[in-house]
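Q: how does the following fold in three dimensions:
(chains A, B, C and D)
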Number of protein chains: 4
Amino acid sequence: VGARLTDSAAFSHLWGTAEVRALFDDRGRYQSWLGILAALAQAQADAAIIPAEAAKAIEAAADVDRLDLELVATETRRTSHSTLGFITALRAMLPPEAAEHVYYGATVQDLTDTWTVLVLRSVGEIAWRDLHAIEDLLVGLAKAHRDTVMAGRTHGQPGAPVTFGLKAASWADEVRRHIERLAEGRSRWLVGQLGGAVGTLGFFGDAGPALRAGFCARLGLGDPLVPWLTSRDRLADFSLLLAMITGTLARIGNEVFELQRPEIGEVREGTGPSTVGSITMPHKRNPEASEHLDTLARLTRANAAVLLEGMAGIHERDGRAWKAEWAAFPEVCLLASSALAMAADLLAGLEVDGAAMAANVAAQGGYLSSEEVLAAVAARDGKHRAQEQLQAVLAEGRREGRSLAAAVTAAGVLDEVAVAAIVAAPSLSTARSAVDAILERARRAREDEAARWS
Amino acid sequence: VGARLTDSAAFSHLWGTAEVRALFDDRGRYQSWLGILAALAQAQADAAIIPAEAAKAIEAAADVDRLDLELVATETRRTSHSTLGFITALRAMLPPEAAEHVYYGATVQDLTDTWTVLVLRSVGEIAWRDLHAIEDLLVGLAKAHRDTVMAGRTHGQPGAPVTFGLKAASWADEVRRHIERLAEGRSRWLVGQLGGAVGTLGFFGDAGPALRAGFCARLGLGDPLVPWLTSRDRLADFSLLLAMITGTLARIGNEVFELQRPEIGEVREGTGPSTVGSITMPHKRNPEASEHLDTLARLTRANAAVLLEGMAGIHERDGRAWKAEWAAFPEVCLLASSALAMAADLLAGLEVDGAAMAANVAAQGGYLSSEEVLAAVAARDGKHRAQEQLQAVLAEGRREGRSLAAAVTAAGVLDEVAVAAIVAAPSLSTARSAVDAILERARRAREDEAARWS
Amino acid sequence: VGARLTDSAAFSHLWGTAEVRALFDDRGRYQSWLGILAALAQAQADAAIIPAEAAKAIEAAADVDRLDLELVATETRRTSHSTLGFITALRAMLPPEAAEHVYYGATVQDLTDTWTVLVLRSVGEIAWRDLHAIEDLLVGLAKAHRDTVMAGRTHGQPGAPVTFGLKAASWADEVRRHIERLAEGRSRWLVGQLGGAVGTLGFFGDAGPALRAGFCARLGLGDPLVPWLTSRDRLADFSLLLAMITGTLARIGNEVFELQRPEIGEVREGTGPSTVGSITMPHKRNPEASEHLDTLARLTRANAAVLLEGMAGIHERDGRAWKAEWAAFPEVCLLASSALAMAADLLAGLEVDGAAMAANVAAQGGYLSSEEVLAAVAARDGKHRAQEQLQAVLAEGRREGRSLAAAVTAAGVLDEVAVAAIVAAPSLSTARSAVDAILERARRAREDEAARWS
Amino acid sequence: VGARLTDSAAFSHLWGTAEVRALFDDRGRYQSWLGILAALAQAQADAAIIPAEAAKAIEAAADVDRLDLELVATETRRTSHSTLGFITALRAMLPPEAAEHVYYGATVQDLTDTWTVLVLRSVGEIAWRDLHAIEDLLVGLAKAHRDTVMAGRTHGQPGAPVTFGLKAASWADEVRRHIERLAEGRSRWLVGQLGGAVGTLGFFGDAGPALRAGFCARLGLGDPLVPWLTSRDRLADFSLLLAMITGTLARIGNEVFELQRPEIGEVREGTGPSTVGSITMPHKRNPEASEHLDTLARLTRANAAVLLEGMAGIHERDGRAWKAEWAAFPEVCLLASSALAMAADLLAGLEVDGAAMAANVAAQGGYLSSEEVLAAVAARDGKHRAQEQLQAVLAEGRREGRSLAAAVTAAGVLDEVAVAAIVAAPSLSTARSAVDAILERARRAREDEAARWS
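A: Got it, this is the predicted structure:
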């Protein structure tokens, strides 16, 4: 029984989707292992290395429902060997002749690395699907809020007007780059592993290269040409990409968290009817998903860093780095899958309060137009002169609680009409053009893009 | 069912001991939660906040075997609330009157933080026990090999003689510092949490401080005086200490890994009769535990870093940092527990091959005595002059395959008798005194030290 | 000339104080190295290993102003040896006889490790001083704002009233634990290093242990008894403590950053008269120092993690870990020193706006009293019944824009008088007792505590 | 004056090449800043936003040698503003009219982000060049040692024969993937930044998008279309790629470190004539560069992680993440540049000792052929039967010090002729085909590949 809260019945959904959990749990893993050994046997039968009947029998037995999981566990612990328990249980399901041809000439890492890549393929597929769904949602928000004016904030301080559409466009832009990265990495990542003891397939004499090619082809994977037993950049790269993706989703989550503060109140997470925010404070509505996106990003990048560290391994197998992947790689995939699913939900239910945004802009007394006032004065008086003057005028205006218009006109910097025009109609052409560009880019990208990743 | 390989029946023992797993799994966690709520109810009854009968009923019900775990899970998911499912299931076991007094005025973090500290106490206890066991083994090795001469290596190159006892003493010295850190942190770490909504126990009016004191006392924990809802240095500190401990154990593991290379062959992990080293290479004997200590250290420090990052939280509760602890803190404890157990086993079974050590020293052709030859020449000719001369003489000697003695005498630097004396009896007084000091320090420390940590 | 922006004339003050920079720059480092070699010579003269005149000459020459820094650099690069350039330059300042007794029997790590500890001592001293100053400021804030009511926030949402004094008390509480950690680590950290080639002081025969003791004593450091060439827990431990300290300071910074948002406006960083917030938005006032505290914490913990990783080194010297310390340890010290100085400044100038705090509480329409309303109803109706009822009543009240009092009285849950009493006088006894406890604890701690750390 | 050892005259070459240092030092940075402001002015003159004469004057003044660096520093510190000091000094060099049109409507981040990308372009160019040089060296080693048989090692234990060519091929394979990643990321990374206060270029009304396009074009950069003020995936991605590259180089370094142990002695770093290995042990030859590659990788990945963490920023500018980049990004580039240069040197001078490799294989008494013996017996007796039998036979053989041939023939498993044939001619077809494939792939890649990156 699991000792990790991340796997407990009550909490596991927060730390991995059911879909990805099924890839990594005992059943999923052993089913995939059986499939790999069946493919190996078939490829070996094709190359006349083992009898065709043995390969058929192995393929027929490749069903996790028939595997004695208890025996797997007991024998694994007894021998301290990573796959011997599994092989023993598999052999127990086979006629003696076929049993001798299971796992023929292969080593643990051939099995587990190939499995890792198969899982990577499934997780990449899920990320591909979810990133597209998230892009759609973001593009939709960008379009819907192309003209929804709100305070742009720098260093946490309202500075000048932006649109919510621009914010969504920036998120969509980042997500699109992740989709591109995913597309580009695919062929580099999706290769099988078959090397035997030290990568030379010494077991198979001259038949090695062709056998590896056949094995990989049967699984729909590329042939790596060179063993990658200690060449772990592929897994590090994919993991770091997932970590970057969770970084983007955490950026979205953090933004929602901040804008949902009631003192700001510009967006709100949707909530289901049965959600309970707080027991002790029955009035509260918390940005739970938004917060959790940041939590997931922290954990994902911590685990991805373990795979990056593992690149510096030695010799023809480095158990230190490789076994660390056994814990860290699934973690990265599980956490990222939750982040993707949760972000899609969050965005689908996001409530954007344009009126609150407008009110917050108004509450700043026109000061959000200071950049444009500066532009107007700069055109007349020179920029640095304008800046020094406004710096003083506006600081004083703020101190005395006047509006920007009052401050600027009192100081004789601009007349009332000019200021009013600036405050009334912030210049948002660039923001709008960014939204349009993102929409167009996403639209065009979709035309060329396959629905499925692999 | 668990999706983490680290929790699978076959592999979980490598990523957490059974003892620590039992603290974190659903049963362990819910049993502890029940105990905490019982203590809370008792403390509240003591303060006449709830009826004594209710407290008695809650205490009587505090048995995880009676808890409907299915209900806990379903309600947790339905409400998206971390403890409401648990409370619902607990209330279902109670008479209506008592049910109303469960979890009275407490909040999620009161329960989970207090639980975390109770687990920390158990893990600290285990670490205390295991570190002492490891210190004993190391002190034993230091004593047994006080005079076992071997090559000291710097930058991977044999440099000058040391003893294996010195190596063990250095490990023991480091372990002792961890024991001290553990002792010193104890009272800082072992405090309960009871703050209610925002840490002010507003639910309880003026009774708050005394209630918190009573609650903590009933659990054998200190009273924090101030809520620590976003003050997470205690957990970061403890986690970093466990990470440092795994760092020390990885140092030991890495040393064994290197010295076990057959080209060196100075130590060997013991192996059980049923261990299988390699399927494809039936002759092999791998330093499995040694390697794994490094793997565990990598993962432990990655997870501990998440707790360090979590210190920078905001306001009266920061879900981003806090929920990250839910995944990272158990991981740190589980991984470190495995490292401690595995290191103790490794050291208990370690085979030290003094003959191989001597042979490796001899194989260096006397060059390991270059520091002492330098000392002898330096005393006569001046140190820097001696050094420049020897640099040339020894480089040439090595290039031509001569022994140090041959090189030095041929160059007329020292006479045969003098060199032979140096090579025959390396100066190891300092090494021996280090061993003696460590032995004495460990002995004295034990006199003052309690057998149990908490 | 420096290539790091962190060392550029314009920006270096943000990434290290002048005081700590002077410890690490070329002059500071070489002066300290000269002092160490002088102490070594003196200890060797005491033990009749070198002539007393040589020691005197070396001590007399130990003045960085006389050192040819150009020669140091050229020879270091030419020989690829870390200290040979320095020694060459030192020898050039000495009479021939004394020159032969410089750096007698010592190795690079003896010099650099001892230097690192001397710097650690200075940095620890600075941290001790600054943490006490920060504690004073925090205790002052806690006292001054013991009764300043403000919204407590969880998950970014106002939840229930707290006091600003409680917030300051929680920071002070955490700072005090760092002071304790600093005190406890002192004797563990402050030890010299003298081991020669591989830690055995083979150069000195039986005189080794006494020489090391004498050398350490002359520098005011403890004798490690065992060489710690690859036993790096001390530096990791100290670095992680500095990282934890910056974590605490980042917590303060992040809080100020959030509370300084004009939509909240409860605190403000003080600003100097010449500070320019923004060129493009002349009205802005940014929480620069607050932000920077988080920046510094990120970088400090990244660098501290490198020292933690370095604990797993091998053999009698591990250049991989050790050289990484050369870059990471100074970085940790420099960054933390800036964080300490900046936090002290920030707190000294912090403007706390009690009126804004009160207004924000009021703006919540009484909902911040929901915990206490719950308590009142729970005492009458049972807690879980009360909670379910209030959950519905308050959600509806919020939806319809009513005050808590209106919602609760309309639903017949409590009468007007009772609600008004709760809202008017939040229960803050626990908050106040926390402030008092922290004040008292700090006061008592000071009675026993030395003004200086080392 | 620099406080970082990494920038000290004596040691800086180990922590950044002169070439990359020149990009980041004050002169390099200010020269680039001047060029950016000149390009901005030109683009603004093109768009009739500022007078053409002003643009010309600014361009003419864009010479760091004329800049008053002292003034820059003083004013930066006085105003606590990141670029105001620089602008003041620049304005001081200009006629009054032009001075008013400097930095017109731009903000700090426009300048510093664009600068960062320009530096990234230069560093990418260097990495492109150095990775190709390293690939050439590795391909050369793979070709030269296609048939150089050596022990393959797993878990640090010799297992079965490989070739040194295979090892080099695996490194080359990994390097090639980095080259591909570098090629693919180029157009994503190389974009300018021009957003003004909050990314909307409010200063410029409708002229914003065209101005940004013109500005980027003048610098040879792409137009980002959307401001990326808090969208930092590009810098994180590039930094993580550099960290991965240093990981690969550390893998090479660690391998050399291990194989250079005299007990193994299969490779050796070349050494220059003036290199001094050890002062205290005059006979030693240390793998300095190899070690340092691991050191550099540790520090690079720690700093790259800071950029990954920075992705989760908020609002329209997040100083916490952005300022952390100021320290971490240069560090990543400097460290990686040293690693690339050092790895190229190491590989160019690497001494490969085929005779020692053969001797080490021979010293294993034939046991490295166990995989092939297993294959032979498996073909006859079945694989699992063969394995169990050999497991026992070979363990006993090793225990009793017999050769594999003796053990196997004594047990009647295979006859002498068969065993001798296997031991004499290890099966290395797969290894050779891997070398050939890598050679061919590198050759073909070069045909399509530009000599320069950007």
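Q: mind listing what the most far-flung residue of chain A relative to its centre touches?
A: Distance from the C-alpha centroid of chain A, by Cα atoms, centre = their mean, peaks at A:Gly412 (53.3 Å). If you count contacts by Cβ atoms under 8 Å, 6 or more residues apart in numbering or on different chains, A:Gly412 has none. Just so you know, the C-beta spots here come from the backbone N, C-alpha and C atoms, and that holds for glycine as well.
Q: 10 Å - rerun?
A: By Cβ atoms under 10 Å, 6 or more residues apart in numbering or on different chains, the contact set of A:Gly412 is A:Val393.
Q: which parts of chain A are strands?
A: Ranges of strands in chain A, per DSSP state E, are A:149-154, A:157-163, A:267-268, A:351-352.
Q: what average pLDDT does the second one get?
A: Going back to what we said before, that points to strand A:157-163. Average pLDDT, strand A:157-163: 97.
Q: quick one: strands adjacent to that strand?
A: strand A:149-154 (antiparallel) (DSSP bridges).
Q: just the last one next, same as before
A: On the basis of DSSP bridges, the sheet neighbours of strand A:351-352 come out as strand A:267-268 (antiparallel).
Q: which residues does the strand it pairs with contact?
A: Residues from elsewhere that reach strand A:267-268 (Cβ under 10 Å, 6+ apart): A:150, A:164, A:167, A:255-260, A:262, A:285, A:287, A:290, A:349-353, A:356-357.
Q: I figured A:Leu235 hits A:Gly313, correct?
A: No. With contact defined as Cβ atoms under 10 Å, A:Leu235 does not reach A:Gly313; the gap is 11.6 Å.
Q: what sits closest to the residue of the stretch 101-250 of chain A found nearest chain C if chain neighbours are left out?
A: Closest to chain C within the stretch 101-250 of chain A is A:His155: 4.1 Å, counting by Cβ to the nearest Cβ. Nearest non-adjacent residue to A:His155, counting by Cβ to Cβ, 6 or more residues apart in numbering or on different chains: C:Asn286, 4.1 Å away.
Q: wait, doesn't A:Glu440 sit right on A:Arg176?
A: No. In this structure, A:Glu440 is not within contact of A:Arg176 by Cβ under 10 Å, at 11.6 Å.
Q: neighbour count: those two, which is higher?
A: A:Arg176 (21 against 11; other Cβ atoms under 10 Å in any protein chain shown).
Q: tell me what angle the longest helix seen in chain A forms with strand D:149-154.
A: Across chain A, the longest stretch assigned as helix under DSSP state H is helix A:108-144. Inter-element angle recorded for helix A:108-144 and strand D:149-154: 60 degrees (by axes from the mean of the first three to the mean of the last three Cα atoms, to 10 degrees).
Q: which regions of chain A sit below the pLDDT cut-off?
A: A:1, A:272-274 (pLDDT under 70).
Q: nearest residue to the middle of it?
A: A:Ile245 (3.4 Å).
Q: excluding covalently adjacent residues, which one is nearest to that one?
A: That would be A:His178: by Cβ to Cβ, 6+ apart, it lies 5.1 Å from A:Ile245.
Q: if we can go back for a sec, what is the burial count for the residue of the stretch 101-250 of chain A closest to chain C?
A: 25.
Q: what of the one 3 residues further on?
A: By the other Cβ under 10 Å criterion, the neighbourhood of A:Pro158 contains 26 residues.
Q: near chain C, which residues of the stretch 301-450 of chain A?
A: Within reach of chain C by Cβ under 10 Å from any Cβ of the partner chain, the stretch 301-450 of chain A has these residues: A:305, A:309, A:312, A:320, A:360, A:363-371, A:373-375, A:377, A:383-384, A:386-395, A:397-398, A:404, A:407.
Q: buried ones among the residues you listed?
A: By neighbour count, with 16 or more other Cβ atoms under 10 Å in any protein chain shown, these hold A:305, A:309, A:312, A:320, A:360, A:364-371, A:373-375, A:377, A:383-384, A:386-387, A:389-391, A:393-395, A:397-398, A:404, A:407 as buried.
Q: now the closest residue to A:Leu131 other than its chain neighbours: how far from D:Arg181?
A: Excluding the flanking residues, the one nearest A:Leu131 by Cβ to Cβ, 6+ apart is A:Ile179, at 5.2 Å. Counting by Cβ to Cβ, to the nearest Å, the gap from A:Ile179 to D:Arg181 is 16 Å.
Q: neighbour count winner among these two?
A: D:Arg181 (23 against 20).
Q: so what's that one up against?
A: A:181, A:184-185, A:188, A:233, A:237, D:131, D:237-238, D:240-241, D:244-245.
Q: helices along the stretch 201-350 of chain A, start to end?
A: A:208-218, A:233-259, A:288-309, A:319-349 (DSSP state H, counting those that start in this stretch).
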